[in-house]
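S.K.: Provided below for reference: sequence and predicted model.
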Amino acid sequence: MSEPFFEYLLRLGDDRLVLGHRLSEWCGHGPTLEEDIALTNIALDLVGEANLVLQRAGQIEGAGRDQDALAYLRTDREYRNALMVELPKGDFGYSIVRQFLFSTYAMHQWEALSACADTDLAGIAAKALKQSRYHVRHSAEWLVRLGGGTDESHGRAEDALNDLWRYTGELFATDAVEQALVKQKLAVDSSSLEAVWRRDVADVVARATLTLPPDGYMQRGGRAGGHTEHLGLMLAEMQVLPRTYPGAKW
């Protein structure tokens, strides 16, 4: 159980850590002071979730690695996040669309994991679920504002939705690792979340007067360590201090 569960926890933690880092890049660059604070707080929520999940992953692995080692001392090929979360932040509309798509997925994922047989993960999920509901509400409200705003804001939101859509399929892809854990009630079948996710997304997209892109080829590979060049560049910056001064204490 330990190796598949460790792998699954990496997926959960890496999604949040990488997206949290991307969102933190808006700190000091938000369109308004209030929104700058809001985006930074969401980034902190995601990194906090990653901290707890990766801490549990280190305990399950039993190799002496804590959450800091897992975050700062793995290469991009060892990361298991979905490709969508590692893409550059783009403009404000791009970040909002991505946050809405991911947060809606995360909300339903955490809700299902609240009944996980691993009580530690169940506790993390219950806490994170409350945060995810706020993340969904915040990003959905902004998406409706952008879609119903100026021609430029509408066009940018539509372009972002069209660009990001091909990365959404990976969120719902399941494999042998996940299915083995589902039988032990240690994971949620990702494919089971797609219908309710699509329903929620379609509702907000319609209110934003945007158009859902047609389903086409879906990009995958992140769960197996196959990433874009963007992740390597991000990790080089994120990991520079602990790699330059290994074992440094503050």
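M.R.: Now that the structure is in, tell me what you want to look at. Numbers count the residues shown, from 1 in each chain.

S.K.: Residue 56: neighbour count?
M.R.: By other Cβ atoms under 10 Å, 21 other residues sit near residue 56. For glycine as for every other residue, the C-beta is placed from the backbone atoms N, C-alpha and C.

S.K.: Can you pull the phi/psi pair for residue 245?
M.R.: Per-residue torsions, residue 245: phi -130, psi 70 (degrees, to the nearest 10).

S.K.: Could you find the closest non-adjacent residue to residue 65?
M.R.: Excluding its sequence neighbours, the residue lying closest to residue 65 (Cβ to Cβ, 6 or more residues apart in numbering) is residue 58, at 4.9 Å.

S.K.: so the one you found is in which element?
M.R.: Using DSSP states H and E, residue 58 maps to helix 33-61.

S.K.: Can you list the buried residues in that helix?
M.R.: 38-40, 42-43, 45-58, 60-61 (16 or more other Cβ atoms under 10 Å).

S.K.: Quick check: mean pLDDT of that helix?
M.R.: Mean pLDDT, helix 33-61: 98.

S.K.: and if you look at stretch 133-147?
M.R.: Mean per-residue pLDDT for stretch 133-147: 98.

S.K.: what does that stretch contact?
M.R.: 38, 42, 45, 93, 96-97, 99-100, 103-104, 106-107, 153-154, 156-158, 200, 204-205, 207-210 (Cβ atoms under 8 Å, 6 or more residues apart in numbering).

S.K.: Provide a ChimeraX selection command restricted to the buried entries of these.
M.R.: For the buried members of the contacts of stretch 133-147, the matching ChimeraX selection, counting by 16+ other Cβ under 10 Å, is:
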select :38,42,45,93,96,97,99,100,103,104,106,107,153,154,156,157,158,200,204,205,208,210
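
S.K.: The helix holding residue 58 packs against which elements?
M.R.: helix 2-24, helix 67-72, helix 119-147 (3 or more Cβ pairs under 8 Å, 6 or more residues apart in numbering; DSSP states H and E).

S.K.: show me the residues around residue 107 that make contact.
M.R.: Contact analysis of residue 107 by Cβ under 8 Å, 6+ apart lists 129, 132, 133, 135, 136.

S.K.: Can you tell me which of those are buried?
M.R.: Applying 16+ other Cβ under 10 Å to the contacts of residue 107 flags 129, 132, 135, 136 as buried.

S.K.: What distance do you get for the third one to residue 107?
M.R.: If I follow you right, that is residue 135. Counting by Cβ to Cβ, to the nearest Å, the gap from residue 135 to residue 107 is 8 Å.

S.K.: Any regions of this protein where pLDDT drops low?
M.R.: Residues of the chain meeting the criterion pLDDT under 70: 1.

S.K.: wouldn't residue 58 be in contact with residue 68 here?
M.R.: No: using Cβ atoms under 8 Å, residue 58 is not in contact with residue 68, being 9.1 Å away.

S.K.: Okay, and residue 201 sits in which element?
M.R.: Using DSSP H and E, residue 201 sits within helix 194-207.
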